[in-house]
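S.K.: Mind folding the following:
(2 chains)
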Amino acid sequence: MIWILISVVLGVVMIAMAVIAIHNKKVTLSILSAGGVSLIASILYLLLAAPDVALTEAAIGSGLTTFIFFYALNKIKKYKHVEE
Amino acid sequence: MLRNSLLFILILGLAAIMFSVFMDYTPKEKLGPVAEHYAKHGKDEVGAANLVTAVVVTYRGLDTLGEVSILFLSAAIIGFFLKVRHNGNEEDPKIKRYSEILGTGAKLLVPIIVLLGVYVFINGHLTPGGGFQGGAIIASAFVLMLIALPRPKINHKVLSIVESMSGLSYVIIGLLGVLLGLGFLDNQILSLGTFGTILSAGTVPIIYILVGLKVGTELTGIIVNLKEIQNEE
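M.R.: Sure thing, here's the model as predicted:
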């Protein structure tokens, strides 16, 4: 029972983070909350007895992807400055 | 307004479809025929304590080879489009500033994270995890190094040599199975060993070590390429 409760709470937080990632005007916050979605997804995978998938999701989804997004964002900002 | 209401109707329709699927759901009491075969005979045929690894590396070994080659292809495309120019003015004073706490923490943590990644892929046939997971963990250690230390020296040549050698050895191990008359990527070209020990399950640990090295170096290479174009125009 307690695990179902934890899963439901995590799922609600995950959906809230996904909404933030889509609707927030600040791109930095969007990227961070997209990483948070992956982090919570990996916890949920662990609760659903899939530790393999949880490891991949935690390392790639919330680690590497976030950094790739940040590098790309940095690059885009530089181009914006050049145009202005 | 019309567009929003149309979207709302669409979502309602989707919800109705999903609800009927949800109501019809009953958990399966027993495994399907293929899964039952894996569960019953996986221990004798593959000898891996982690059944997921037995399926991924042996029964579905060709799929894993495909995944590895897709990852290789994407890393190669990124390397092709992000042409990194190695010009002389690498003494950029901007990137010398870095947080002391982050740097010290990274120096402590990077070896430990790499060790964890190596543990995950060496024990891939015994505990949850495997080549992809271990490789991704190693790559995240290198990412930490890249963001925390002022100018980490990462040798592209070493990365590409390790990557291509491990990919080549993976295919050679697969072809050895054909030469010995067992089938492509069959794991029984080495003895299965004692069930549950580290030297068991035939070629599965070797393949996972190779996959781990390959995935780790590939993801690290992608991140290093992205990092090196940051200071360009």
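S.K.: Around B:Ser99, how many other residues sit close by?
M.R.: The number of residues packed near B:Ser99 is 11, by other Cβ atoms under 10 Å in any protein chain shown. All C-beta spots, glycine's among them, are computed from the backbone N, C-alpha and C.
S.K.: what's the burial count for residue 50?
M.R.: No chain was given, so I picked chain A. For A:Ala50, the neighbour count with other Cβ under 10 Å is 16.
S.K.: sorry, should have said chain B
M.R.: As a measure of burial, B:Asn50 has 23 neighbours, counting by other Cβ under 10 Å.
S.K.: Now do the contacts for it.
M.R.: B:124-128, B:130 (Cβ atoms under 8 Å, 6 or more residues apart in numbering or on different chains).
S.K.: What of A:Leu47?
M.R.: Contacts of A:Leu47 (Cβ under 8 Å, 6+ apart): A:3, A:6-7, A:10.
S.K.: filter the residues you listed to the buried ones?
M.R.: Buried members of those, counted by 16 or more other Cβ atoms under 10 Å in any protein chain shown: A:Leu10.
S.K.: can you narrow the contacts of B:Asn50 to ones near chain A?
M.R.: When Cβ under 8 Å from any Cβ of the partner chain is applied, the members of the contacts of B:Asn50 adjacent to chain A are B:128, B:130.
S.K.: Any chance of a ChimeraX selection covering the buried ones in the contacts of B:Asn50?
M.R.: Command for ChimeraX, covering only those of the contacts of B:Asn50 found buried under the criterion 16+ other Cβ under 10 Å:
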select /B:124,125,126,128,130
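S.K.: can you tell me how far B:Leu179 sits from B:Ser99?
M.R.: 54 Å (Cβ to Cβ, to the nearest Å).
S.K.: Next: B:Gly131.
M.R.: 33 Å.
S.K.: now do B:Gly134
M.R.: When B:Gly134 is compared with B:Ser99 (using Cβ to Cβ), they lie 28 Å apart.
S.K.: Tell me which residues touch A:Asn74, please.
M.R.: Neighbours of A:Asn74 in contact, by Cβ under 8 Å, 6+ apart: B:Gln230.
S.K.: The same query, at a cut-off of 10 Å, please.
M.R.: B:226, B:229-230 (Cβ atoms under 10 Å, 6 or more residues apart in numbering or on different chains).
S.K.: Poorly predicted segments of chain A, please.
M.R.: A:80-84 (pLDDT under 70).
S.K.: can you list the residues of it near chain B?
M.R.: A:46, A:49-64, A:66-68, A:70-72, A:74-75, A:78-79, A:82 (Cβ under 10 Å from any Cβ of the partner chain).
S.K.: Return the subset of the residues you listed lying in helices.
M.R.: Judged by DSSP state H, those include A:46, A:51-56, A:66-68, A:70-72, A:74-75, A:78-79, A:82 as members of helices.
S.K.: What residues of stretch A:18-31 count as buried?
M.R.: For stretch A:18-31, by 16+ other Cβ under 10 Å, it's A:18, A:20-21, A:30-31.
S.K.: go on, stretch B:101-115?
M.R.: Buried residues in stretch B:101-115 (16+ other Cβ under 10 Å): B:106, B:110, B:113-114.
S.K.: Mind listing residues that contact that stretch?
M.R.: By Cβ under 10 Å, 6+ apart, stretch B:101-115 touches A:59, B:98-99, B:134, B:137-150, B:152, B:216.
S.K.: Please name the residues that touch the residue positioned nearest the centre of chain A.
M.R.: The residue lying closest to the centre of chain A (Cα atoms, centre = their mean) is A:Gly35, at 2.0 Å. Contact analysis of A:Gly35 by Cβ under 10 Å, 6+ apart lists A:17, A:21, A:61-63, A:65-67, A:69-70.
S.K.: 6 Å instead, please
M.R.: A:Gly35 makes contact with A:62, A:66, according to Cβ atoms under 6 Å, 6 or more residues apart in numbering or on different chains.
S.K.: Need phi/psi at B:Leu180.
M.R.: Main-chain torsions, B:Leu180, degrees, to the nearest 10: phi -90, psi 10.
S.K.: How much space separates it from B:Asp186?
M.R.: 8 Å.
S.K.: And those two? Which one has more around it.
M.R.: When B:Leu180 and B:Asp186 are compared for neighbours, B:Asp186 comes out ahead with 20 against 11, by other Cβ under 10 Å.
S.K.: so the more buried one sits right up against B:Val178, yeah?
M.R.: No. Using Cβ atoms under 6 Å as the test, B:Asp186 is too far from B:Val178 to be in contact (8.5 Å).
S.K.: hmm, back to that, I'd like the list of the contacts of A:Leu47 that fall within helices, please.
M.R.: Per DSSP H, the contacts of A:Leu47 map to helices at A:3, A:6-7, A:10.
S.K.: among the residues of chain A next to chain B, which ones are buried?
M.R.: Applying 16+ other Cβ under 10 Å to those flags A:46, A:50-64, A:66-68, A:70-71 as buried.
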